[in-house]
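K.L.:
requesting a structural model of the entry that follows:
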Amino acid sequence: MSLTKKILLAMVLGIVIGLLLNLFTGREADSWVQVYLVAGLFDTVGAVFVASLKLLVVPLVFVSLVCGTATLGNQARMGGLAVKTIGLYLLTTAIAITLAITVASLLGPGLGLNLEATGALSMDTDLSLKQTIINIFPSNPVAAMAEGNMLQVIVFSVLLGVAIAKSGDKGEPVASFFENLNHVVLRMIMMLVQLAPYGVFCLLAKLFASMGFGVFQDLLFYFLTVAGVLVLQCLVVYPGLLKLLSGLNPLIFLRKMYPVMVFGFSTASSNATLPVTMSTVEGKLGVDNKAASFTLPLGATINMDGTSIMQGVATVFIAQAYGIEVGIAGYLMVVLTATLASIGTAGVPGVGMVTLAMVLQQAGLPVEEGIALIIGVDRLLDMIRTAVNITGDAAVTTVVAKSENLLDEDCYRNRDA
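P.N.:
Modelled structure (predicted):
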C-alpha cells in the first residue's frame with residue numbers, strides 16, 4: 001500500500017473510532033477510555049508527531065533557503081522572485097476575503113439569531129504597521145530560530161545566501177556544506193513521513209473523541225458557509241489563477257497536491273506540513289529548489305487565505321447575529337485589514353483568532369462575544385483552512401517558478417513523478 005493510501009486510511013479510521021468513542025463515552029470524562037486512551041495514548045502520540053514535524057521546520061527553511069539563494073547568485077533575480085511571490089500572496093488573500101464576504105452576505109448564516117451585545121470590545125490587538133516591519137528583521141538570528149520566528153529566519157537565510165554567492169571561491173566550500181546538510185535534512189524528513197499514518201490516526205481519533213458532532217448543531221449554517229467558501233477557493237480560485245498565469249493543467253496540480261492537503265488537514269499546521277509540501281512541490285510538480293526554498297516558507301508564514309475566509313464569513317455572521325450594520329465601506333476596511341494582518345501576525349500562536357479580533361474591532365463588532373460564539377467549531381475549520389493555505393502556497397510557487405523558468409514541465413506532467 002502506498003504512503004498516501006495509508007494516510008487516507010489512517011484518517012478515516014481515526015475519525016470513525018474517535019466518533020464511536022465519543023458516542024459511547026462522551027459524557028464520561030473520567031472513564032478509563034477517555035483518561036488512558038484518548039487523553040493518554042492518542043494525545044501523546046499525536047503531540048509527539050506534530051512536535052517532531054515542527055522540529056524540522058527551522059533547519060529545513062534555513063538550510064534550503066541558504067542553498068537556493070546562494071545558487072541564484074543574482075540579487076536582482078532574487079528581488080524579482082520576492083516581488084512576484086509577495087504580490088501573488090497578497091492577491092490571493094484579497095480574493096479570498098472578498099469572496100467570503102460576498103458569499104456570506106448572500107447566504108446570511110447569522111440572520112435570525114437576534115443576539116444582544118453587552119459591549120465587550122476589549123482585546124489586545126496592538127499590531128501596528130511600523131512594528132510589523134521592524135519585527136521582520138532579526139537582531140539575533142539564533143534567538144529567531146529558537147523562537148521559531150519564520151520571517152526573521154527567512155531574512156537571515158536570504159542575507160547569508162546572497163553573501164555566500166558574492167564571496168566567490170571562498171564561498172564555494174560553505175555552499176557545498178549547506179548542500180550536503182540539505183540532503184541530510186531531507187533524509188530526516190522522509191524518515192519521519194513514513195510514520196505519518198500513525199500520527200494522523202492518533203490526532204484525528206483524539207479530536208473527534210473529544211468533540212463529537214454535537215457542537216455543530218447550533219453553528220451548522222456558519223460551518224457549512226465557511227467550508228463551502230474554502231472549497232471554492234481551493235478548487236476554483238487556485239486552479240483558475242494557475243491556468244490564467246502559467247497555462248499549466250490545474251487538474252494535474254490538484255491530483256498531485258491531494259496527499260499534501262490530507263496531511264495538512266490532519267496536522268492543522270502549515271509549518272508542520274512544510275517539509276511534506278516542499279518535497280511534493282519539488283519532486284512531483286517539478287519546481288526548482290531555488291524557487292521553492294523561498295516561496296514555500298514565506299507562504300507558510302504570511303499566506304493566510306483560509307484564515308482570511310474564516311474572518312470574512314465570521315465578520316458577516318457576527319454582524320448579522322447581533323443586528324449590526326457594517327456597510328460597504330466597513331467591509332472594504334475589513335478586506336484591507338485582514339489582508340495586511342495576514343502578514344502582520346505571522347508567527348503568532350492562534351493567529352486566526354488574533355487577526356479575527358483585529359478585524360472585528362475594525363468593523364465595530366463585539367470582539368470577545370463574537371469569538372466566543374464561533375470558537376466551538378473553529379478547530380475543525382482550522383484543519384480545512386490549513387489544507388487550503390498549503391494549496392495556495394503551492395499554486396503561487398508553481399506560477400512564480402514558471403515565470404522564472406525554474407519549473408520542469410516534463411516532471412509536472414509526469415503522473416509517476
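K.L.:
does L113 sit in a helix, a strand or a coil?
P.N.:
For L113, the assignment made with DSSP: H, G, I helix; E, B strand; the rest coil gives coil.
K.L.:
now do the contacts for it.
P.N.:
Neighbouring residues of L113 by C-beta atoms under 8 Å, 6 or more residues apart in numbering: Q320, A321. In this view, the C-beta of every residue, glycine as well, is placed from N, C-alpha and C.
K.L.:
repeat that for P239.
P.N.:
So P239 contacts P250, L251, F253, L254, A395 (C-beta under 8 Å, 6+ apart).
K.L.:
which one (most neighbours) among the residues you listed?
P.N.:
A395 (31 neighbours; other C-beta atoms under 10 Å).
K.L.:
wait, isn't that residue in contact with Y238?
P.N.:
Yes. The pair A395 / Y238 is scored as a contact, 4.2 Å apart, by C-beta atoms under 8 Å.
K.L.:
joint contacts of these two?
P.N.:
Shared contacts of A395 and Y238 (C-beta under 8 Å, 6+ apart): T92, F253.
K.L.:
of all pairs in the contacts of P239, which one is the farthest apart?
P.N.:
Across the contacts of P239, no pair lies farther apart than L251 and A395, at 13.0 Å, counting by C-beta to C-beta.
K.L.:
run through the helices of the stretch 251-400 of the chain in chain order.
P.N.:
270-283, 289-302, 305-321, 327-344, 351-362, 367-374, 378-403 (DSSP state H, counting those that start in this stretch).
K.L.:
quick check: next helix or strand after the helix or strand of the chain with the lowest mean pLDDT?
P.N.:
Lowest by mean pLDDT, DSSP states H and E among the helices and strands of the chain is helix 129-136, with a mean of 67. Sequence-wise, the next helix or strand downstream of helix 129-136 (DSSP states H and E) is helix 141-147.
K.L.:
what about the residue nearest to K6 when sequence neighbours are not counted, which helix or strand?
P.N.:
Counting by C-beta to C-beta, 6 or more residues apart in numbering, K6 lies nearest to P197, which is 4.2 Å off, once chain neighbours are set aside. Using DSSP H and E, P197 falls within helix 196-211.
K.L.:
I17 too?
P.N.:
Using DSSP H and E, I17 falls in helix 3-25.
K.L.:
that older thread, winner for burial among the helices of the stretch 251-400 of the chain?
P.N.:
helix 305-321 (a mean of 29; mean count of other C-beta atoms under 10 Å).
K.L.:
now for it, which elements pack on it?
P.N.:
helix 75-107, helix 220-232, helix 327-344, helix 351-362, helix 367-374, helix 378-403 (3 or more C-beta pairs under 8 Å, 6 or more residues apart in numbering; DSSP states H and E).
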